[in-house]
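J.: Sequence isn't available, so here's the structure alone:
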């Protein structure tokens, strides 16, 4: 979406209707003529045309058929995201992103999009939904200033399902200093209610990076949810009620330079001692990737935890830059990686610190290799301006709101 806004690409949505799997032959697709049918010659069988959802492995076969069609049309399949297809000519760029039988088509020329639609309709029968407005529960609003994504209707449906339409709002997703335990509190009589809420929050996290930390924390208790966990989930819903119209904004006046912020919260898990990694990646001023994840091993110090966070962020940057290259966008190097731990920056830049890093696995030094190659350049940022801070801990209302705005979260009309 950031690329579509910055490059002023046309965005259209298609839905494949009654898509038959042409050329797909499998034994179960044939049957012997029924009794009483006399027109069949000996040895003849009936060929069944089955709809997209009527076959085992149907989605896989449909993907093969769609891929075959797009490649024959002249598209190139991205090796970094196999659901994306790109066709670049001297003057035009055409991009197709597939989600089962829903397609997003973006391009610089409306006539090339129209021609592709006609070819797709001839091959599969499509429903042309026009300019992109609503896709997989995400509302898309576009004007000359940029693109705004939000999931207002999705949140309203979630609140209604939980009978919380009239609840009071909360200023933050989770109260500051909240500590949840796997042992404290009564077990829920019906844990499926909690699991459904968390599942919906995980999907909502696609356009709401401000709840990334809260969702990560609550998803740890899916196997044995208790009453304090359920109350915390309700607190997140109250926050969503108060921020119903917030969405992620992608400006049309935007550069195509990549930058990233990474942070870690050392030893945040009271039971395993493992730390949290949080990062957010920007294309110009637009947030394009973010994540909150518990680290796989225990870090001996906050510096080590930060260094591991830098390594994870570097891996994401390598993937994103490769994806942009597939789209014929080439960000200038080195990419700025902002961290609020000076010691971790020194380790990334200087291999002399052997005594402090000899217990680390080689994969952690991936960040050092990319610093030395000139792919990234680490920079220090103050804790108050560390945008990834919102991904690793519960903050006070003022700081949470400040960082939310910095991430590009705006009110929709």
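T.: Now that the structure is in, tell me what you want to look at. A quick note: this is a predicted structure, and the numbers were derived from the prediction, not measured.
J.: For the stretch 151-300 of the chain, which segments count as strands?
T.: 246-251, 258-265, 276-283, 286-294 (DSSP state E, counting those that start in this stretch).
J.: which helices and strands sit right next to the longest one?
T.: Counting by 3 or more C-beta pairs under 8 Å, 6 or more residues apart in numbering; DSSP states H and E, the packing neighbours recorded for strand 286-294 are helix 2-6, helix 212-218, strand 246-251, strand 276-283, helix 302-326. In this view, the C-beta of every residue, glycine as well, is placed from N, C-alpha and C.
J.: Distance of residue 229 relative to residue 208?
T.: From residue 229 across to residue 208, the span is 20 Å (C-beta to C-beta, to the nearest Å).
J.: Looking at those two, which is more packed in?
T.: residue 208 (27 against 24; other C-beta atoms under 10 Å).
J.: what pLDDT does the more buried one get?
T.: Residue 208 is assigned 94 on the pLDDT scale.
J.: Cross-check the contact I'm expecting between it and residue 244.
T.: No - Residue 208 is beyond contact range of residue 244, at 10.9 Å (criterion: C-beta atoms under 8 Å).
J.: that older thread, for residue 60, which of the strands of the stretch 151-300 of the chain is the nearest?
T.: Residue 60 sits nearest to strand 286-294 of all the strands of the stretch 151-300 of the chain, at 27.1 Å, using C-beta to C-beta.
J.: What mean pLDDT does that closest one get?
T.: On average, strand 286-294 scores 94.
J.: buried sites along it?
T.: Across strand 286-294, burial judged by 16 or more other C-beta atoms under 10 Å covers 286-292.
J.: Also stretch 93-111?
T.: Buried residues in stretch 93-111, counted by 16+ other C-beta under 10 Å: 93-98, 100-101, 103-108.
J.: Check those residues and tell me the two furthest apart.
T.: Going by C-beta to C-beta, the pair spanning the buried residues of stretch 93-111 furthest: 100 and 108, at 26.2 Å.
J.: quick one: residue 14 and residue 128 touch, right?
T.: Yes - counting by C-beta under 8 Å, residue 14 touches residue 128, with 6.0 Å between them.
J.: So for these two, which residue has more residues nearby?
T.: residue 14 (23 against 15).
J.: Can you tell me how far the residue nearest to residue 298 when sequence neighbours are not counted is from residue 303?
T.: In space, residue 298 comes closest to residue 273 once its chain neighbours are excluded; the distance is 4.7 Å by C-beta to C-beta, 6 or more residues apart in numbering. Distance of residue 273 to residue 303, given as C-beta to C-beta: 16 Å.
J.: Neighbour count for those two, which is higher?
T.: residue 303 (21 against 13).
J.: And the more buried one, how far from residue 345?
T.: 10 Å.
J.: Likewise for residue 60?
T.: Residue 60 is 45 Å from residue 345, by C-beta to C-beta.
J.: Looking at the two, which one has more neighbours?
T.: Taking neighbours as other C-beta under 10 Å, residue 60 and residue 345 compare with residue 345 leading, 22 against 10.
J.: tell me the contacts of the more buried one?
T.: Taking C-beta atoms under 8 Å, 6 or more residues apart in numbering, we find residue 345 in contact with 339, 378-380.
J.: switch the cut-off to 6 Å
T.: 339, 378 (C-beta atoms under 6 Å, 6 or more residues apart in numbering).
J.: Quick check: it vs residue 155, distance?
T.: Distance from residue 345 to residue 155, by C-beta to C-beta: 39 Å.
J.: Could you do residue 384 as well?
T.: Distance, residue 384 to residue 155, by C-beta to C-beta: 29 Å.
J.: Compare the two (neighbour count), which wins?
T.: residue 155 (22 against 10).
J.: Name the nearest residue to that one, ignoring sequence neighbours.
T.: residue 240 is the one closest to residue 155 (C-beta to C-beta, 6+ apart), at 5.1 Å.
J.: Just the pLDDT for the one you found.
T.: The predicted local confidence for residue 240 is 95.
J.: again, but for the one 5 residues further on
T.: pLDDT, residue 245: 90.
J.: My understanding was that it contacts residue 409; is that so?
T.: No - counting by C-beta atoms under 6 Å, residue 245 does not reach residue 409; the two are 10.4 Å apart.
J.: For these two, indicate the residue with more neighbours.
T.: residue 409 (20 against 13).
J.: what's the distance between that one and residue 208?
T.: 8 Å.
J.: ditto for residue 398
T.: For residue 398, the distance to residue 208 - C-beta to C-beta - is 19 Å.
J.: likewise residue 133?
T.: For residue 133 relative to residue 208 (C-beta to C-beta), the value is 19 Å.
J.: What of residue 15?
T.: With C-beta to C-beta as the criterion, residue 15 and residue 208 are 26 Å apart.
J.: go on, residue 242?
T.: For residue 242 relative to residue 208 (C-beta to C-beta), the value is 13 Å.
J.: and what of residue 4?
T.: 20 Å.
J.: could you say which helix or strand contains residue 91?
T.: When elements are assigned from DSSP states H and E, residue 91 belongs to no helix and no strand.
J.: Which pLDDT value goes with it?
T.: Reported pLDDT for residue 91: 83.
J.: count of residues packed around it?
T.: Residue 91 has 8 nearby residues by other C-beta under 10 Å.
J.: What of residue 259?
T.: Residue 259 has 20 nearby residues by other C-beta under 10 Å.
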